[in-house]
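> this one's sequence-less:
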């Protein structure tokens with residue numbers, strides 16, 4: 001009989017936030033699949049546990065087959081990330097996808113998640129939101145992702161590392177404007193926790209003279225309603241002009257048409273066809 005894959009949330013910073021069920025699941029599991037075995041080893045030592053471990057980080061996902069084979073052979077696995085809920089902005093999602101496809105029982109053992117924790121304390125609109133995780137590193141992909149979000153009316157959540165924060169804030173100011181509201185949540189639940197609600201422009205200016213420290217969750221307000229309503233009234237020519245501007249910035253025609261169509265009454269195909277017709 002096959003075992004079970006448990007998705008085990010771990011504290012996002014403060015070990016006192018460890019739910020009893022999380023500790024119990026680690027204790028009962030036959031082995032642990034960890035994003036970083038060094039981080040998880042410290043957690044298991046804190047619990048006074050010793051367990052066989054396998055890694056599944058982004059460049060070791062070939063271990064996923066071995067993990068699933070052990071579960072199919074009857075072992076129970078506790079899968080965890082370095083902090084928070086596994087499979088959220090985490091390569092473990094592929095293991096879960098494969099486990100479900102193979103009929104393996106998957107059981108969540110919930111706990112804290114940095115994105116939801118930051119949203120709750122942000123002071124931004126919590127009724128509707130989108131989670132973007134880490135922005136792409138390649139410049140072109142990052143520009144396309146931010147352009148796609150330009151007219152997003154819902155609250156937007158990003159993760160960012162300290163050494164990339166200044167560049168990310170500069171990109172956000174350029175895309176969304178200096179006046180857009182944002183809450184920076186630093187080192188959540190840890191000793192040096194800070195929650196700062198400000199504007200993109202003020203945040204960028206502050207970190208020009210202060211070194212970013214710790215891990216950040218950025219909770220940014222969505223596009224204002226009047227801006228979204230204005231976009232809904234755009235003509236086809238307006239959408240084509242917007243697509244052409246994106247192409248001048250290096251975006252391929254199909255991607256530019258898709259982005260320009262967002263929030264308008266026109267489809268990607270209509271805008272793309274108009275672009276090609278104008279070119280001809």
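Now that the structure is in, tell me what you want to look at. Computed from a prediction, not measured in an experiment: that's the story for all the values here.

> domain assignment for the chain?
Here the chain is described, according to automatic domain parsing, as comprising the domains 4-112, 115-222, 234-279.

> how about CSV for these, with mean pLDDT and mean neighbour count added?
All C-beta spots, glycine's among them, are computed from the backbone N, C-alpha and C. Putting the domains of the chain into CSV (pLDDT from 0 to 100; neighbours: other CB atoms under 10 Å) gives the following:
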stretch, mean pLDDT, mean neighbour count
domain 4-112, 92, 17
domain 115-222, 95, 17
domain 234-279, 80, 17
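
> could I get the full set of helices for the chain?
Listed in chain order, the helices of the chain (DSSP state H) span 20-28, 37-47, 63-72, 92-101, 114-122, 139-149, 165-176, 200-209, 225-232, 236-248, 253-261, 268-279.

> okay if I get those as TSV plus distance to residue 130?
Written out in TSV, the entries for the helices of the chain read as follows (distance: least, CB to CB, whole Å):
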stretch	distance to residue 130
helix 20-28	28
helix 37-47	28
helix 63-72	27
helix 92-101	17
helix 114-122	10
helix 139-149	8
helix 165-176	14
helix 200-209	17
helix 225-232	14
helix 236-248	20
helix 253-261	16
helix 268-279	20
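
> so which of those helices is nearest residue 157?
Set against residue 157 and scored by CB to CB, the helices of the chain come closest in helix 114-122, at 4.9 Å.

> and the closest one, what does it pack against?
Here helix 114-122 is seen to pack against strand 155-160, strand 181-186, strand 194-199, strand 216-220 when contacts are counted using 3 or more CB pairs under 8 Å, 6 or more residues apart in numbering; DSSP states H and E.

> distance to residue 251 for the ones you listed - can I get that in CSV?
Putting the helices and strands packed on helix 114-122 into CSV (distance: least, CB to CB, whole Å) gives the following:
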stretch, distance to residue 251
strand 155-160, 20
strand 181-186, 25
strand 194-199, 27
strand 216-220, 22
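
> residues contacting residue 152?
Taking CB atoms under 8 Å, 6 or more residues apart in numbering, we find residue 152 in contact with 130, 222-223.

> repeat the analysis, applying 6 Å as the threshold.
The contact partners of residue 152, by CB atoms under 6 Å, 6 or more residues apart in numbering, come to 222-223.

> what does residue 243 give?
With contact taken as CB under 6 Å, 6+ apart, residue 243 is in contact with 256-257, 260, 271, 275.

> how about 8 Å then?
For residue 243, the contacting residues are 253, 256-257, 259-260, 271-272, 275, taking CB under 8 Å, 6+ apart as the criterion.

> please apply the same query to residue 105.
If you count contacts by CB under 8 Å, 6+ apart, residue 105 has them with 2, 4-5.

> just the closest of these to residue 121, please.
Of all these, the one sitting nearest residue 121 is residue 5; the distance, using CB to CB, is 31.3 Å.
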